[in-house]
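S.K.: need a structure here:
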Amino acid sequence: MGVFDRVVLTIFALSNALLSALLLAVLLGWTAPLLYLGSYLQEPRDQWLLGSLAAIMLAVSSRFLYYGMRRPRQRRSLVHEGPLGETTISLGAVESLVAKVVRQLRGVREIRPRVHLLDGNVHVFIRAVVGSDVCVPEWSEEVQRTVRNQVRTIVGVDVAQVRVLVSNISSEPRRGRLE
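M.R.: Predicted structure coming up:
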């Protein structure tokens, strides 16, 4: 929640507390607020002002209700604790590592990795396009083994699962870089 939302929430909570205290006082027999409100609502300009205030309160209530009911964002980083402190590693960095590792394997044409944290475990999903000279079952085992080993070695966390989806088998030769 940002600074603006905190300020609006504070004002909203204070105004609700004031209105609740006023309502409680009226229920206990203090009639002056009701008489003042009745005379205040006689003027059309005052009705518009009170209606605008009510609309703003409804909008703010709806906003906070939305933020209170939505699902929290998925954490996009790993925290590795060592003897000298903690290191935070973004899942994007792990995805980049996985892409680099898989691109070095024979037969890879395209690679799109995704890394997720589920129940505190790292899960890797790889969508790939391979060449027609690749034996897909052997290649996918090599990918799974290599990704697990490299992530454990470089990042320091174990990968719970590496799933591979070969979305296409390409017969086009891999193009090298132009220099």
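S.K.: got the domain ranges for the chain?
M.R.: For the chain, the structural domains run 3-69, 77-170, going by automatic domain parsing.
S.K.: may I have the secondary structure class of residue 30?
M.R.: For residue 30, the assignment made with DSSP: H, G, I helix; E, B strand; the rest coil gives coil.
S.K.: any idea of the pLDDT on it?
M.R.: With respect to pLDDT, residue 30 has a value of 88.
S.K.: likewise residue 71?
M.R.: For residue 71, pLDDT reads 71.
S.K.: burial of it, as a residue count?
M.R.: Summarising burial for residue 71: neighbours were counted as other Cβ atoms under 10 Å, giving 5. Using the backbone N, CA and C atoms, a C-beta is placed for each residue, glycine as well.
S.K.: give the contact list for it.
M.R.: Counting by Cβ atoms under 8 Å, 6 or more residues apart in numbering, residue 71 makes contact with nothing.
S.K.: in three-state terms, label it for me.
M.R.: For residue 71, the secondary structure call by three-state DSSP comes out as coil.
S.K.: mean pLDDT for the domains of the chain: which is lowest?
M.R.: domain 3-69 (a mean of 86).
S.K.: save the domains of the chain as TSV, and put in mean neighbour count too.
M.R.: Formatted as TSV, the entries for those read as follows, by neighbours: other Cβ atoms under 10 Å:
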stretch	mean neighbour count
domain 3-69	11
domain 77-170	15
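S.K.: and the helices in this structure?
M.R.: Counting by DSSP state H, the chain has helices at residues 3-27, 32-40, 44-69, 91-103, 136-154.
S.K.: can I get these in TSV including distance to residue 167?
M.R.: Formatted as TSV, the helices of the chain follow (distance: least, Cβ to Cβ, whole Å):
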stretch	distance to residue 167
helix 3-27	41
helix 32-40	66
helix 44-69	36
helix 91-103	14
helix 136-154	11
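S.K.: much appreciated, bye for now.
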